[in-house]
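In: Any chance you can model this:
(chains A and B)
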Amino acid sequence: GAVVSQHPSRVICKSGTSVKIECRSLDFQATTMFWYRQFPKQSLMLMATSNEGSKATYEQGVEKDKFLINHASLTLSTLTVTSAHPEDSSFYICSATGNTEAFFGQGTRLTVV
Amino acid sequence: QQQVKQSPQSLIVQKGGISIINCAYENTAFDYFPWYQQFPGKGPALLIAIRPDVSEKKEGRFTISFNKSAKQFSLHIMDSQPGDSATYFCAASTTGGFKTIFGAGTRLFVKA
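Out: Here you go, the predicted model:
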């Protein structure tokens, strides 16, 4: 099946710094990618929809200035957590849509200390 | 975002038994209903999916039953194995964009 790669898989950063997470579709072009956040023992909550060449669409309650999304090409979307704080520590997962289904990355564990 | 309701929250099944997880959705625009399996520290992996034009789909030990009029669907895992112990999420999306909304998840533990 199609492969979606996320990088890094784990990152630890200091409070107040910014962290960038990459999501790549390796063998198909994805005009749309989605970003999810998952807290321990909870479900995946959709944060935003990333469209190639246009602004991302954020779900209610998600701060667009804090979670910057860039979808510069058909195979790459990035999520930047700006001025990260300990409460931003979470598992971030992206998905990329092919013609028949959405394919998920392996996730990025962000820990803010 | 709670447009997909999932139960039970947790489930313990004996090896060889049947695991059943239920979901209900609200938005009739949904036309694609996948189930995902997730192990700790990993992203969700597609297990099986169904579209509303059929009432049942079976792949190996996994079966989805779909009731369009009731807006409900369920996952049955036959001959459950310890290796099936994981968190299972039902989900719903539209094939127009695959914006996927997840249920709350069910933590399955299969006792050896």
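In: In contact with the spatially most central residue of chain A, which residues?
Out: The centroid of chain A falls nearest to A:Trp35 when counting by C-alpha atoms, centre = their mean (3.9 Å). If you count contacts by C-beta atoms under 8 Å, 6 or more residues apart in numbering or on different chains, A:Trp35 has them with A:23, A:46-48, A:50, A:67, A:69, A:77, A:79, A:92-94. No exception for glycine: its C-beta is placed from N, CA and C like everyone else's.
In: Just the ones in strands from the residues you listed, please.
Out: A:23, A:46-48, A:50, A:67, A:69, A:77, A:79, A:92-94 (DSSP state E).
In: Which pLDDT value goes with the residue nearest to the centre of chain A?
Out: pLDDT, A:Trp35: 97.
In: near chain B, from the contacts of A:Trp35?
Out: Among the contacts of A:Trp35, the ones lying near chain B by C-beta under 8 Å from any C-beta of the partner chain are A:46, A:93.
In: Nearest to B:Gln37, out of the contacts of A:Trp35: which one, please.
Out: A:Ile93 (14.0 Å; C-beta to C-beta).
In: pretty sure that closest one contacts A:Gln38?
Out: Yes: using C-beta atoms under 8 Å, A:Ile93 makes contact with A:Gln38 at a distance of 6.2 Å.
In: Check the contact lists of these two and give me the overlap.
Out: Joint contacts of A:Ile93 and A:Gln38 (C-beta under 8 Å, 6+ apart) are A:44, A:107.
In: who's more crowded, these two?
Out: Under the criterion of other C-beta atoms under 10 Å in any protein chain shown, the comparison of A:Ile93 against A:Gln38 puts A:Ile93 first, with 25 against 21.
In: For that one, give the beta-bridge partners.
Out: The partner list for A:Ile93 in beta bridges (DSSP bridges) reads A:Tyr36.
In: Find the nearest non-adjacent residue to residue 97, please.
Out: Using chain A. B:Phe98 (4.1 Å; C-beta to C-beta, 6 or more residues apart in numbering or on different chains).
In: To clarify, I was referring to chain B.
Out: A:Thr32 (6.0 Å).
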